[in-house]
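1. coords please:
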Amino acid sequence: MTRNHDALTRVWAAELGPRGVTVNAVAPGLVDTAMLRAATARMGEEAVKGMVCAHAAGAARNDV
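-> Numbering: from 1, shown residues only. This is a model prediction of the structure:
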């Protein structure tokens, strides 16, 4: 998530929180999973890199 998105989310939360509204933000991106690794193997690393945002990809969690 960029700093602008983070700031906007905080402003909305401050503005709408007193009215009982919860504000959340989700930063889309790829997560290191078996499916992503299979796609990388099939399509090639360069093709998958074009789909990845500038930020580091997350890691899969099994405890959720």
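2. what about this structure, any weak spots by pLDDT?
-> The model of the chain has pLDDT under 70 over residues 1-2, 50-64.
3. all strands of it, in order?
-> 31-32, 58-59 (DSSP state E).
4. within its sheet, name the partner strands of the first one and how each one runs.
-> Here strand 31-32 is paired, per DSSP bridges, with strand 58-59 (parallel).
5. for stretch 29-40, measure first residue to last.
-> Across its full length, stretch 29-40 reaches 15 Å end to end, with Cα to Cα, to the nearest Å as the criterion.
6. residues of that stretch that come out buried?
-> 30, 36, 40 (16 or more other Cβ atoms under 10 Å). Placement of C-beta: from N, CA and C, glycine included.
7. what's the span of stretch 9-23 from first residue to last?
-> For stretch 9-23, the end-to-end distance is 7 Å (Cα to Cα).
8. heads up, I number from 4, so please use that
-> That works, and once the first residue is 4, the last one we named lands at stretch 12-26.
9. what are the buried residues along it?
-> Under 16+ other Cβ under 10 Å, stretch 12-26 has no buried positions.
10. same question, stretch 39-55
-> Neighbour counts over stretch 39-55 (16+ other Cβ under 10 Å) mark 39, 43, 51 as buried.
11. in helices, which of those fall?
-> With DSSP state H as the criterion, helices contain 39, 43, 51 from among the buried residues of stretch 39-55.
12. OK, contacts around Val26?
-> Val26 makes contact with 12, 15-16, 19-20 under the criterion Cβ atoms under 8 Å, 6 or more residues apart in numbering.
13. same thing but 7 Å
-> Contacts here follow Cβ atoms under 7 Å, 6 or more residues apart in numbering; on that basis Val26 touches 12, 15-16, 19.
14. now the residues you listed in CSV, with distance to Val26?
-> Below are the contacts of Val26 laid out as CSV (distance: Cβ to Cβ, whole Å):
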residue, distance to Val26
Thr12, 6
Trp15, 4
Ala16, 4
Leu19, 6
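15. okay then, goodbye and thanks.
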